[in-house]
Every structure is written in C-alpha cells, then in structure tokens.
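Student: the following block contains a protein sequence and its predicted model.
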There are 2 protein chains.
Amino acid sequence: MKETAVLERFIEGKGLRHSKPREQILSVFLSIEQHITIDELWAAVRKKHPGIGYATVYRTLKLFAECGLCSEINFEDGTTRYEHSYGHSHHDHLICTSCGKFFEVVDSEIEKLQERLVKRYGFQLQYHRMNLYGTCRNCRVGIDRRAARTGVPVHSGKGRAAS
Amino acid sequence: MKETAVLERFIEGKGLRHSKPREQILSVFLSIEQHITIDELWAAVRKKHPGIGYATVYRTLKLFAECGLCSEINFEDGTTRYEHSYGHSHHDHLICTSCGKFFEVVDSEIEKLQERLVKRYGFQLQYHRMNLYGTCRNCRVGIDRRAARTGVPVHSGKGRAAS
DNA sequence: TTGATAATGAAAGTCATTTTCATTAATTGG
DNA sequence: CCAATTAATGAAAATGACTTTCATTATCAA
Ligand SMILES: [Mn+2]
Ligand SMILES: [Mn+2]
Ligand SMILES: [Zn+2]
Ligand SMILES: [Zn+2]
C-alpha cells in the first residue's frame, strides 16, 4: 500500500478529516530521506507551502507516528528526530561523535541475543533502541593528525564501550 | 577508593574548592540506589539539608558526572536520570513499558558483537546505549486478565522488536 | 585576618515541545 | 448546492526541563 493510502485509511478509520496540510506535509516528509527534526521539516514544508504553521507540522508528525508512517528517534542531543518507518524495517544507529555521520545498521545475531536476554528476565520484548557512538575512520585521521601536532593523544586505545 | 575521596581528588586536581553542599549532595545521592531525576534528588537532599537550591544539585550532578561518580541515562520520557557509576560497571537497561520496573543487564556476547558490528563500518566504539522495552511477567498477567474480561487480546503474539 | 575568587540560591532565560483559542475548512444531511 | 457541525489549523501563550546570570556567601592561600 502507498503511504498516502496508509494515511487516508487511518484518517477514515478514526473518523478524522482529510486535509491539504497533511497531504502536503506527508509529501515533503517522504521526499527527504533523513533523520529530520520538526524545525527542519517545517522549513522544508514552508518552501513549497508557505502558510503552514509549526504546530501543524508537529501535530501531523505525531499523527504519522500513530499510523506507522514515521517513528521518533533520539540521539541524546536534545531534539527529537523523525525517520520514515513505513516500508523501512527495524534498524539501529551507529553515530560518529565527532562529525555526526551515522549509519543504519542491523545485526541479526544481536537481535536474537536481545530476545534471549529479555526472556531470562521474564520479559516480552516490544522494541528496543540501540545506539552505538564512536569515531568514524575519517574523523580518526583528523584526530591523529591533531595529536601528532600537539603531542596529546586523543583516544585511548581499544575503546570499549563504557557507561 | 571511596567516593568522597574521588570527589575530593577531582576538586583538588582542578583547583576547585571543597564545600558542604557538595558533600551533602553526594551523601544523599549515594544513599539512593535508583535512576533518579534532578528533582527527585533535590527533594531528597532538602529533607536533610533544607537550604540547598535546585541549581546547586544540578551543577553538582554535572560535576559528579565529570569525575565518574554518576552518569546520565535517558529513557526517552523527557527527563534525564542519573545513576551511580563509580564501582558500577557498564550495563544496559530492560524496562517494562507497563509498570516501569527495570533491570540492569549485560550480555557479553552482545557487547562483543557490537564491537564487531562497528568495525565493519570503520568505527571505533566509544560507548553505546541499549534499552530494551517490553512487558514484565507481572504486567502480562494483568494484561491477560483484562483481555479475558474484555475479550480484546492486548498483545499480539511473538512480539519481535520493531521500529 | 584578609583579599581574591569559587560556590551558592534565587530568579531569569532558553529552547523544544505542547496546549489554547479564535478562525478556517471538511463533512454531511437537507 | 447550502448550512450546520465540528475537526483542523496558525499564531500565540504555556510548559517543563534544563541553563545561565548575578548578588551574596563561603573557601582558602597568603
Ligand atoms: Mn534510521
Ligand atoms: Mn542502571
Ligand atoms: Zn566522523
Ligand atoms: Zn511491568
């Protein structure tokens, strides 16, 4: 099913009303393949549809989340981001703490072990969030160069996750 | 080394000053084995030491984080929590979405696979955050009972993590 | 004891949401 | 099509969790 159809069905199913702003926001949202903040999406939406207000983007994104078109992600930087979720399967994130570059990753073995882990505690897993923070190869080159200049090594060695 | 000593050394090392509020906050913080919010800690601190202000608790917690006495955690509920980190090794969290009960967990196999995963992308892991959300056994009993009464099944079956 | 200055408490400021409310726009029964 | 009903919207105000400011207090080295 197409995303617009997903939205329409959801709206009808809940006795809500169709509206232009929602269609326009969906169209712009789908055109951007990113982990986008409300402000960023609002800016993009306004370029094509100047009248639309922040609150409408905000409310519409919540609606999209409800009908499975998007999901919220949190990289602990103080603002929520949204990503497409319809037709996109589950994935986790690998984020460079230096330049912000990220990858979407899945490791099926880890996913299996997560199931095993929660079962040990009598839990039934609903969802999980796994963010791996580190430095990408590019940034390490820069860091090493700086370290060579200053004589101060910046990263410690093996770098096993802590805290 | 004792936690108070960790704090003292850090303070001396940075040329800061000892102060009663910091000692008092540390003492109360250490007495509470929880994932506590600033407000909760402030409330607990004020019971014993009424004069202490929110800002001081806030600043002191940041200080503790700097010297490794506590670390921040984020359960995506809008407020940051703090947990003891001195003498506590890395762990992840298993959280019941129904009652809020949680477990601190570690799966060494997962930790190894995380290393392997990031290497594939040329990253050097610094730290990670893994939160597993689900329903605990107790809550499922309640849910099943409700379902039996209403005839509406609440959880779907296998329940593999999504989103 | 004293001067320099770090620490503190109260209050004000930020900033990302979240809600309110008057107005606009879908929907629906005539 | 038309009017009544009420959901949706935009602008602005309100929230809430931090963060910072600033006048005052407490430390501490000399
Ligand atoms: Mn993603
Ligand atoms: Mn913990
Ligand atoms: Zn990078
Ligand atoms: Zn529970």
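Tutor: Noted; the coordinates are in hand. Ligands and ions are numbered 1, 2, ... in the order given.

Student: let me know whether residue A:90 touches residue A:104 as I believe.
Tutor: No. Applying C-beta atoms under 8 Å, one finds residue A:90 not in contact with residue A:104, separated by 9.8 Å. For glycine as for every other residue, the C-beta is placed from the backbone atoms N, C-alpha and C.

Student: show me what whichever strand or helix holds residue A:118 packs onto, helices and strands only.
Tutor: Here residue A:118 sits within helix A:108-120, counting by DSSP states H and E. Contacts defined by 3 or more C-beta pairs under 8 Å, 6 or more residues apart in numbering or on different chains; DSSP states H and E place helix A:108-120 against strand A:124-135, helix B:108-120, strand B:124-135.

Student: in TSV, list those along with mean neighbour count.
Tutor: Below are these laid out as TSV (neighbours: other C-beta atoms under 10 Å in any protein chain shown):
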stretch	mean neighbour count
strand A:124-135	21
helix B:108-120	17
strand B:124-135	22
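
Student: how about the residues of chain A by ligand 1?
Tutor: For chain A, the contact set with ligand 1 under C-beta under 5 Å from the ion comprises A:83, A:104.

Student: returning to that earlier point: quick one: closest of the helices and strands packed on helix A:108-120 to residue A:5.
Tutor: With C-beta to C-beta as the measure, strand A:124-135 is the member of these nearest residue A:5 (24.7 Å).

Student: is chain B within reach of that closest one?
Tutor: Yes. Strand A:124-135 reaches chain B (C-beta under 8 Å from any C-beta of the partner chain) through A:124, A:125, A:126, A:127, A:128, A:129, A:130, A:131, A:132, A:133, A:134, A:135.

Student: check the residues you listed and tell me the two furthest apart.
Tutor: Largest pairwise distance in the residues of strand A:124-135 next to chain B, by C-beta to C-beta, is 36.0 Å, between A:124 and A:135.

Student: picking up where we left off before, which among the helices and strands packed on helix A:108-120 is found nearest to DNA strand C?
Tutor: For the helices and strands packed on helix A:108-120, distance to DNA strand C was read as C-beta to the nearest atom of the strand. The smallest value, 15.7 Å, belongs to strand A:124-135.

Student: the closest one vs strand B:124-135, what angle?
Tutor: Interaxial angle, strand A:124-135 versus strand B:124-135 (axes from the mean of the first three to the mean of the last three C-alpha atoms, to 10 degrees): 170 degrees.

Student: in stretch A:77-86, what's buried?
Tutor: A:81, A:82, A:83, A:84, A:85, A:86 (16 or more other C-beta atoms under 10 Å in any protein chain shown).

Student: turn these into CSV, including secondary structure.
Tutor: Formatted as CSV, the buried residues of stretch A:77-86 follow (DSSP: H, G, I helix; E, B strand; the rest coil):
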residue, secondary structure
A:81, strand
A:82, strand
A:83, strand
A:84, strand
A:85, coil
A:86, coil
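
Student: chain A - how does it break down into domains?
Tutor: A:1-88, A:91-158 (automatic domain parsing).

Student: close to chain B, is stretch A:1-8?
Tutor: No. On the criterion C-beta under 8 Å from any C-beta, stretch A:1-8 is out of touch with chain B, staying 15.2 Å away.

Student: quick check: mean pLDDT across that stretch?
Tutor: Stretch A:1-8 comes out with an average pLDDT of 96.

Student: also stretch A:112-129?
Tutor: Averaged across stretch A:112-129, pLDDT comes to 96.

Student: next one: it to chain centre, how far?
Tutor: 22 Å (C-alpha atoms, centre = their mean, to the nearest Å).

Student: nearest to residue A:53, of the residues of strand A:124-135 next to chain B?
Tutor: Using C-beta to C-beta, those come closest to residue A:53 at residue A:129, 30.3 Å.

Student: go ahead and confirm that closest one touches residue B:93.
Tutor: No. When contacts are counted by C-beta under 8 Å, residue A:129 is not listed as touching residue B:93 (10.0 Å).

Student: any common contacting residues for these two?
Tutor: B:130, B:131 (C-beta atoms under 8 Å, 6 or more residues apart in numbering or on different chains).

Student: does the helix holding residue A:118 reach ligand 4?
Tutor: No. Shown here: helix A:108-120 not in contact with ligand 4 (C-beta under 5 Å from the ion), separated by at least 12.3 Å.
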